[in-house]
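Peer 1: sequence first, then the predicted structure, then my questions.
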Amino acid sequence: MLSLKMLTNVLLSVKRYSYITLQQVTCRTIVSSIGMDSTGRKKRPVWKKLIAEHAPLLLPAAHDALTARIIERIGFKAYQIGGFALNGARHAYPDLDLTHFGEERHGFYDIISASSLPVMIDADDCYGDVKNVTRTIRGYEALGA
């Protein structure tokens, strides 16, 4: 079985995916299935189709709008955004919850707006308790995630 590192090296050498990072998807990742705006509604059927294929889905990580656009142009079917990639690229912050929901939401919006592909967002702990989980999911759905 190929490890993630070996798979990354193969992809980088075969298709020359410069400046694209690959991250493992964890159980803390939230995939929204209900779009709250027109962007989300357009992407929802695409997610359902991708999941129904029952095939491995490689999701490169976008850390900024340019990376999202490159991912789309290369031909990936979807991509993901992680909090660490976003905060590292924008503020040079480690993954220690140093930013709040509003800051990350603006960063996610910039990235999502640059691509028409469906996106999965890693929401970590959703910024608090159960009420915050609901608010976070609704906020990301409104962005089109």
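Peer 2: Cool, the structure landed.
Peer 1: which residue ranges of the protein form helices?
Peer 2: All helices of the chain, identified by DSSP state H, fall at 4-15, 38-52, 65-74, 83-91, 101-113, 130-143.
Peer 1: mind putting those helices into CSV with distance to Met120 and mean neighbour count?
Peer 2: Backbone N, C-alpha and C define where each C-beta goes, glycine included. Output for the helices of the chain, formatted as CSV (distance: least, Cβ to Cβ, whole Å; neighbours: other Cβ atoms under 10 Å):
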stretch, distance to Met120, mean neighbour count
helix 4-15, 16, 12
helix 38-52, 8, 14
helix 65-74, 12, 18
helix 83-91, 12, 18
helix 101-113, 11, 18
helix 130-143, 10, 16
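Peer 1: can I get these in a markdown table with distance to Leu59?
Peer 2: What follows is those, written out as a markdown table (distance: least, Cβ to Cβ, whole Å):
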| stretch | distance to Leu59 |
| --- | --- |
| helix 4-15 | 12 |
| helix 38-52 | 10 |
| helix 65-74 | 9 |
| helix 83-91 | 12 |
| helix 101-113 | 13 |
| helix 130-143 | 15 |
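Peer 1: weakest of these by average pLDDT?
Peer 2: The minimum mean pLDDT among these belongs to helix 4-15 (a mean of 49).
Peer 1: span of stretch 75-85 from start to end?
Peer 2: For stretch 75-85, the first-to-last residue distance is 21 Å (Cα to Cα, to the nearest Å).
Peer 1: please disregard the earlier target; I meant stretch 93-103.
Peer 2: Start-to-end, stretch 93-103 (Cα to Cα) is 13 Å.
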